[in-house]
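Visitor: Task: produce atomic coordinates for the following.
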Amino acid sequence: MPKNSKPAEHPALAAIRNAPGHRVKVAVSDIDGVLRGKYLNKEKFFAAAESGFGFCDVVFGWDMMDACYDNTQVTGWHRGFPDAMVRLDLDTYRTVPWDDQVPFVLGEFVGADGGPYPVCPRQVLRRVLDRAGKLGLQPMCGMEFEWFNFAETPQSWAEKKGVGPEPITPGMFGYSLLRANHAREFFKALMEELAAFRVPLEGLHTETGPGVYEAAILFSGALEAADRALLFKGATKEIGARFGIMPSFMAKWHQRYPGCSGHVHQSLSDGKNNLFFDARGRHRMSRLFESYLAGQVALLMEFAPMFWPTVNSYKRLVDGFWAPVKPTWGVDNRTASFRVIPGSPKSTRLETRCPGSDVNPYLAIAALLAAGLHGVERKLKLTASPITGTNVGSEGTPRAPRSLKETTAVFKTSAAARDWFGDDFVDHFAATREWEWRQWQDAVTDWERMRYFEIV
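Guide: Okay, here's the model as predicted:
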């Protein structure tokens with residue numbers, strides 16, 4: 001660089017400077033994967049882009065209903081909920097088509113020393129990706145989401161007090177062009193506006209169940225994939241509201257219908273080649289792929305709260321209802337937790353099918369990559385045999401626990417979790433899941449009233 005010359009300005013800054021209007025939208029992820037953000041005046045934004053800005057650390061000190069935890073240490077009433085520093089990632093710059101093309105940038109939390117804030121979900125994923133980089137590996141990912149759509153507004157849903165939401169269409173009708181046509185303007189807006197929002201969809205179709213859709217987000221580097229997945233969920237809700245539609249990514253909203261998944265497709269690259277492919281390997285799997293898969297099989301249950309994070313997540317884990325219930329793998333088998341997809345040198349990949357649509361994408365992807373890379377670091381052998389059909393060959397394999405309480409207890413004592421995510425994150429995330437379980441224990445449900453109110 002010539003003497004006295006200034007470093008080139010990031011293209012996002014020039015684009016925002018030239019954008020009409022006086023506001024910029026910024027956002028971060030809370031522990032549950034809910035977008036929290038604000039609008040900044042442009043002058044404030046440029047100062048924040050240079051040196052960061054303060055954001056109340058209560059976003060990690062309360063749950064998704066803004067009830068403050070009473071059992072956390074990193075943040076809480078005992079610390080007074082001060083500001084924590086947010087660093088904006090200008091590489092996430094995009095404009096929001098349904099909000100007058102307002103500029104939008106994601107941020108992540110940093111500590112007072114500029115290092116990663118230990119419980120920030122985006123930083124947790126970065127920690128895993130940094131370790132992958134030291135192995136010479138670039139994780140590639142793509143997420144798929146299933147979700148139900150209801151003819152509701154926040155007001156109508158509040159009036160119903162959580163009972164009887166109305167799906168936008170009736171019946172069980174997967175891959176239906178007829179049902180897609182019913183809400184074609186919503187379908188069109190999702191495909192076109194999400195693409196303009198830099199969240200490109202590879203495919204969009206109806207799934208089995210009243211008003212349920214599935215979208216596959218285009219494959220990319222893992223951090224970008226998590227950003228896209230987080231923004232997809234928020235954007236879908238904002239776009240849906242314009243059409244009087246309330247999307248729900250709840251893992252299981254009704255006992256009679258299948259739950260909603262958040263499948264994650266993965267491969268590892270050296271920057272040029274897909275390292276999962278080996279034409280001479282079994283099922284065209286490289287030894288690296290086998291070790292990666294062996295790591296996920298080994299650590300599925302230890303990392304479970306990161307992809308089954310809510311009380312409701314476990315209602316989805318029902319035999320015969322499409323959600324895998326055991327740490328099994330199979331070749332192009334959609335009933336297994338780990339679906340090996342043997343394809344071309346570019347398309348060979350792993351689809352992990354156990355996460356639900358209620359995940360925080362940063363944490364789900366971090367957990368799956370860490371489990372796989374654990375297998376790579378330790379050169380684990382894939383000793384389990386692939387299942388055939390629905391769990392044929394897995395008769396001796398224990399099934400997943402059915403409660404957040406059980407999986408959190410395992411996660412909290414996992415040496416692998418502490419190795420990959422750090423003690424501060426494990427302790428904090430475990431505490432938030434214990435809090436979530438306590439809220440459920442204290443609740444009196446419609447099921448209990450219908451079962452006991454009159455009879456006992």
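
Visitor: quick one: contacts for Arg451?
Guide: Residues counted as contacts of Arg451 (CB atoms under 8 Å, 6 or more residues apart in numbering): none. All C-beta spots, glycine's among them, are computed from the backbone N, C-alpha and C.

Visitor: is the closest residue to Thr92 other than its chain neighbours in a bridge, and if so with what?
Guide: Sequence neighbours aside, Leu106 is the residue nearest to Thr92 in space, at 4.0 Å (criterion: CB to CB, 6 or more residues apart in numbering). Beta bridges link Leu106 to Ala27, judged by DSSP bridges.

Visitor: Just to check, Leu106 is in contact with Asp91?
Guide: No: assessed by CB atoms under 8 Å, Leu106 is found out of contact with Asp91, at 9.0 Å.

Visitor: Specify which residue of the two has the higher count of neighbours.
Guide: Shown here are Leu106 and Asp91; by other CB atoms under 10 Å, Leu106 has more neighbours (23 against 13).

Visitor: if I look at that one, how far off is Ala12?
Guide: According to CB to CB, to the nearest Å, Leu106 stands 11 Å off from Ala12.

Visitor: One more: Trp447?
Guide: Distance of Trp447 to Ala12, given as CB to CB: 50 Å.

Visitor: Between the two, point out the one with more neighbours.
Guide: Taking other CB under 10 Å, Trp447 and Ala12 do not tie; Ala12 has more neighbours (18 against 9).

Visitor: What residues does the residue nearest to the more buried one when sequence neighbours are not counted make contact with?
Guide: Nearest residue to Ala12, sequence neighbours excluded (CB to CB, 6+ apart): Tyr93, at 3.5 Å. Applying CB under 8 Å, 6+ apart, we find Tyr93 in contact with Ala12, Ala15, Ile16, Pro103, Phe104, Val105.

Visitor: doesn't Pro103 make contact with the second one?
Guide: Yep, that's Ala15 we're talking about. Yes: counting by CB under 8 Å, Ala15 touches Pro103, with 7.2 Å between them.

Visitor: okay, the two: which has more neighbours?
Guide: Legend: neighbour count by other CB under 10 Å for Ala15 and Pro103, higher for Pro103 (23 against 14).

Visitor: Mind listing residues that contact stretch 227-241?
Guide: Identification of contacts with stretch 227-241 by CB under 8 Å, 6+ apart yields 27, 29, 33, 35, 92, 98-99, 106, 143, 145, 147, 149, 153, 186, 189-190, 193-194, 197-200, 215, 217-218, 220, 246-247, 249, 262, 360-362, 365.

Visitor: do that again at 7 Å, thanks
Guide: 29, 33, 35, 92, 98, 106, 143, 145, 149, 186, 189-190, 193-194, 197, 199, 217, 220, 246-247, 249, 361-362 (CB atoms under 7 Å, 6 or more residues apart in numbering).

Visitor: now for whatever helix or strand Phe104 lives in, which elements pack on it?
Guide: Assigned by DSSP states H and E, Phe104 belongs to strand 102-110. Strand 102-110 sits against strand 23-29, strand 83-88, strand 94-96, helix 121-134, with contacts defined as 3 or more CB pairs under 7 Å, 6 or more residues apart in numbering; DSSP states H and E.

Visitor: tell me the secondary structure for the closest residue to Ile365 other than its chain neighbours?
Guide: Closest residue in space to Ile365, ignoring its immediate chain neighbours: Ala226 at 4.9 Å, by CB to CB, 6+ apart. Secondary structure for Ala226, judged by DSSP: H, G, I helix; E, B strand; the rest coil, is helix.

Visitor: Tell me if I'm right that Ala226 and Leu363 touch.
Guide: No: Ala226 is beyond contact range of Leu363, at 8.9 Å (criterion: CB atoms under 7 Å).

Visitor: Closest one of the contacts of Tyr93 to Tyr257?
Guide: Nearest to Tyr257 out of those is Phe104 (CB to CB; 33.8 Å).

Visitor: State the distance from the closest one to Arg316.
Guide: Computed as CB to CB, the Phe104 to Arg316 distance reads 31 Å.

Visitor: Neighbour count: those two, which is higher?
Guide: Arg316 (25 against 20).

Visitor: List the buried residues of stretch 303-311.
Guide: For stretch 303-311, a neighbour-count test (16 or more other CB atoms under 10 Å) marks Phe303, Ala304, Pro305, Met306, Phe307, Trp308, Pro309, Thr310, Val311 as buried.

Visitor: how near is the last one to Thr335?
Guide: Translated: Val311. Separation of Val311 from Thr335 (CB to CB): 25 Å.

Visitor: Equivalent analysis for Ala49, please.
Guide: Ala49 is 48 Å from Thr335, by CB to CB.

Visitor: First-to-last residue distance for stretch 300-316?
Guide: 16 Å (CA to CA, to the nearest Å).

Visitor: scratch that, stretch 158-168 is what I was asking about
Guide: Start and end residues of stretch 158-168 are separated by 18 Å (CA to CA).

Visitor: Over to stretch 174-187?
Guide: Using CA to CA, one end of stretch 174-187 lies 15 Å from the other.

Visitor: before we move on, the earlier item: Lys346: which of the buried residues of stretch 303-311 is nearest?
Guide: Closest to Lys346, out of all of the buried residues of stretch 303-311 and judged by CB to CB, is Phe307, at 26.1 Å.

Visitor: Contact partners for the residue lying closest to that closest one once chain neighbours are set aside?
Guide: Closest residue to Phe307 apart from its sequence neighbours, by CB to CB, 6+ apart: Pro355 at 3.6 Å. Residues near Pro355 by CB under 7 Å, 6+ apart: Ser261, Gly262, His263, Val264, Phe307, Ala364.

Visitor: repeat that for 6 Å
Guide: Gly262, Phe307, Ala364 (CB atoms under 6 Å, 6 or more residues apart in numbering).

Visitor: Phe321: which of the residues you listed is nearest?
Guide: Closest approach to Phe321 among these (CB to CB): Gly262, at 15.5 Å.

Visitor: Is it correct that the residue nearest to Ile365 is in contact with Tyr362?
Guide: Yes: using CB atoms under 6 Å, Ala226 is in contact with Tyr362, at 4.8 Å.

Visitor: Quickly list what's touching both of those two.
Guide: Leu125.

Visitor: Could you pull out the helices in this structure for me?
Guide: 11-18, 42-51, 121-134, 154-160, 177-182, 184-196, 222-242, 287-299, 361-377, 404-412, 415-421, 423-442, 446-452 (DSSP state H).

Visitor: List the residue ranges of this protein that fall below the pLDDT cut-off.
Guide: The chain contains residues with pLDDT under 70 at 1-5.
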